[in-house]
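Asks: One predicted model, sequence on top.
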Amino acid sequence: MKTLRNALIALVLIGLVMPVFAGGQSESNAAAQGGGDVTEITFGSWRVDDVDQMNRLIAAFNEEYPNIAVVFDPTTPPDYNATLRLQLESGIAPDVFYARSYATGQELFSEGYMLDLSDEAYVSERYDDGARAPWQMPDGTQFAMPLVAVSHGVYYNQDLFDELGLDIPQTWDELMNVAQQIKDAGYIPFANGLADEWDIAEVVWMNIAPGFLGGRKARLAYEAGERPFNDDAMVSVFEAMASLTPYLPDGYQAINYNDSKALFLLGEAAMWFDGSWTISEFEASNPDFNWSVFAPPAPTADAQAITFHPDAGVAINPASDNIEAAKTFVEWLSGPTASQILGNELAGFFPMVADAPTLTNEHANDFLALNNGRDLDVRFPWPKLMNGDPSGYTLIQQGSINVITGNITPQEAADQMEAGLSQWYEPAM
Amino acid sequence: MTARSFRLPRIPVWIWYMLPGLLVYTAFMAVPLFKSLQLSLYTGSGFQIDTFVGFDNYRRLLTEGEVSQRFWGAFGHTWVFFAVHMIVQNSLGLLFALLLSSEAIKGRALYRTIIFIPATLAIVVTGFLWKLLLNPQWGAVNLMLEAVGLGAFAQPWLGIEGVSLVVISLVSSWQWVGIPTMIFLSALQAISGDLFEAADIDGASSWTTFSRIKLPLIWPMMGVVAILTFTNNFNAFDVVFAMAGANGPPNYSSDILGTYFYRVGIAGEHPVGIPDMGLGAAVASIIFVVLFVGVLVMRTVFQSDGTDD
């Protein structure tokens, strides 16, 4: 008995100590490669799930630049903006960090917390205007380099679709028809629920909206004040949201994002509105699960559009002691080696470089294929409608939830959007 | 005598015993409280709050459109949250204490442990556990209802306006019922056995014993429990955050002052996430005032019963 107990204690001790040794080893590796004179830079991010992948990316960087050690130091997504700001204000921020697109990024730049990258040749050479725009000030100053975008679509269970003999729906009416057939067969048509609130806005409403509103051009017209936020097209998006109600899981009011994942992954739900970032999680949870993705149906098949959203840029901290090393790393990130690794390691996050690498991940390619021949746009409220109270985001979120539960009509939801935005968004006043 | 009158008055010795406590209290309670009150008069962006705006933050909170709607919503919900705790948690606590103090019940130590166990769990564990139990698809609560033929009563408990706040309050009561139980139990056990003996000889019924002996003697303890419940509930945040999220869904119906303060003053609205710290400090200051006044009122109520010591 006693020997067994001692052996157990020894095992626990070894377990506790091992990571310490492992850590020490990798650090000494980097130092050995650098021949002693190593500059260390930290790399901040909100992608806590990507530590292993990013470390492989950094290892590839160190093959070319052994003298720059990069430490990936992520913060959880809900805390990222506030944490980063606090770090920047107190001078302990990372040297290189993930930058949010549009207003959140612009605000940090105007307060002097991001290095102006307008004159960095690799940024303008390797990224198109459209890719650079989300990380530019209104006057065109580049505050961060584009890194990756995410896509949106409708996940579907291929085996279930085959079993029920269903075709991919192209129009919203066809989607409703398919949903009814799935429901009649005893499955849940859509896995989505309302409990977490962010997903109903970001992966359902913003996923389908471009197809109903008229894509990028329509968004620009709304932003310019040429179209009111309660026109017929906007009402039709909320009508589409309301039409989902009978096809959501029982108790959808209390189904959260993880429940939705489980319902879809377990084969109880046939379809799921979501974004490309879930690819690697599904592949890891159940490699044999046979799923694919289709474009969000629109009122007519040719109106289909994809929400291809600029997710993460990379900015340099002007207060960094190692700006040159940081620039070297950022420039390398824009190169072909880095894009290749990023695109394949982070399946579902698409490198935004102009000559995008060929990806090996099948599901990532399924998502990319949706872009062919369809209008692309960013998530509707992101560029202009976030920085006021109530924000376009909140109005879309609460409007969607309330039309799905039947609290308000689609017309009322659109009217609330117009009324809420006209309180602070000047073109809408 | 004359020589003495020229000396400075002697510093009483007890001052030196108070000093460490006073320093700690000043540094960690009084100064932050004062800073927070001061911050509520300022505005600015992010963590740089440097523009003096007087009582504008309070005006916005109490009267301005969307902001005041959320604030008053959270304010009202906090009272509901408090009411459920007073009615359910503290009544059950008293009942359990009476049962546990009765000689007639066997295995009292075991029951006492069982009742107290939830209070030792971390709130995230409680939240996670009850979210699973209440899940509309695979939760045990609905499955049990269906098993006994009450499937019609199965609900998405955390997804219905009005219901979710009460359910969350009940879960919180479930977790903390051990605390009032222990306080009441210790008060009951402190009552001298002579009184019960005398009551027995006089032929008092068990109700008379309760209402004439036990209740008056534990009345001050009820005050303590009420004040504890009040302060804990008006500072509550974690149980709603763990079970429903920072927005207090659905439709802000389970939003309480704690979650509202977190959104405004600490985390900012998703996904921009930039807090309005001046406004947050105003919320915190109002919570402080409510607590201060509430505790004063409660102290008066529970002391004015003529049972002082």
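Replies: Structure received.
Asks: Nearest residue to the residue of the stretch 201-309 of chain B found nearest chain A in space, please, no chain neighbours.
Replies: Distances between the stretch 201-309 of chain B and chain A by C-beta to the nearest C-beta are smallest at residue B:273, namely 3.6 Å. Bear in mind the C-beta positions are built from the backbone N, C-alpha and C, glycine included. The shortest distance from residue B:273 to any non-neighbouring residue, by C-beta to C-beta, 6 or more residues apart in numbering or on different chains, is to residue A:81 (3.6 Å).
Asks: what sits against the one you found?
Replies: A:100, A:104, B:268, B:272-274 (C-beta atoms under 8 Å, 6 or more residues apart in numbering or on different chains).
Asks: Doesn't the residue of the stretch 201-309 of chain B closest to chain A lie inside a helix?
Replies: No - applying DSSP: H, G, I helix; E, B strand; the rest coil, one finds residue B:273 to be coil, outside a helix.
Asks: Enumerate the strands of the chain by residue range, in sequence order.
Replies: Just so you know, I chose chain A. With strands called from DSSP state E, chain A shows them at A:39-45, A:68-74, A:96-99, A:145-157, A:188-190, A:269-275, A:291-294, A:305-316, A:349-351, A:375-377.
Asks: meant chain B actually
Replies: B:42-45, B:48-52.
Asks: which one of those strands has the most crowded surroundings?
Replies: strand B:42-45 (a mean of 18; mean count of other C-beta atoms under 10 Å in any protein chain shown).
Asks: how about it, does it get close to chain A?
Replies: Yes - Strand B:42-45 is in contact with chain A by C-beta under 8 Å from any C-beta of the partner chain, via residue B:45.
Asks: Outside of that strand itself, list whatever touches it.
Replies: A:107, A:111, B:49-53, B:56-57, B:274, B:276-279, B:281.
Asks: likewise stretch B:157-175?
Replies: A:193-195, A:251-255, B:77, B:80-81, B:84-85, B:88-89, B:92, B:118-119, B:121, B:123, B:126-127, B:130-131, B:134, B:136, B:141, B:155, B:236, B:239-240, B:243-244, B:249-251, B:253-254, B:256.
Asks: So among those, which ones count as buried?
Replies: Those of these that meet the buried threshold are A:193-195, A:251-255, B:77, B:80-81, B:84-85, B:88-89, B:92, B:118, B:123, B:126-127, B:130-131, B:134, B:136, B:141, B:155, B:236, B:239-240, B:243-244, B:249-251, B:253-254, B:256, by 16 or more other C-beta atoms under 10 Å in any protein chain shown.
Asks: picking up where we left off before, so for the contacts of strand B:42-45, which is the shakiest by pLDDT?
Replies: Note: of the contacts of strand B:42-45, the lowest pLDDT belongs to residue B:274, at 77.
Asks: how many other residues sit next to the residue nearest to that one when sequence neighbours are not counted?
Replies: For residue B:274, ignoring the flanking residues on the chain, the nearest one in space by C-beta to C-beta, 6+ apart is residue B:268 at 4.5 Å. Residue B:268: 22 surrounding residues under other C-beta atoms under 10 Å in any protein chain shown.
Asks: any idea how far residue B:268 is from residue A:386?
Replies: 11 Å (C-beta to C-beta, to the nearest Å).
Asks: Now, of the contacts of strand B:42-45, which are buried?
Replies: A:107, B:49, B:53, B:56-57, B:274, B:276-279, B:281.
Asks: what's the span of stretch A:332-341 from first residue to last?
Replies: 12 Å (C-alpha to C-alpha, to the nearest Å).
Asks: Hmm, I typed the wrong one, I wanted stretch B:116-124.
Replies: End to end - C-alpha to C-alpha - stretch B:116-124 spans 17 Å.
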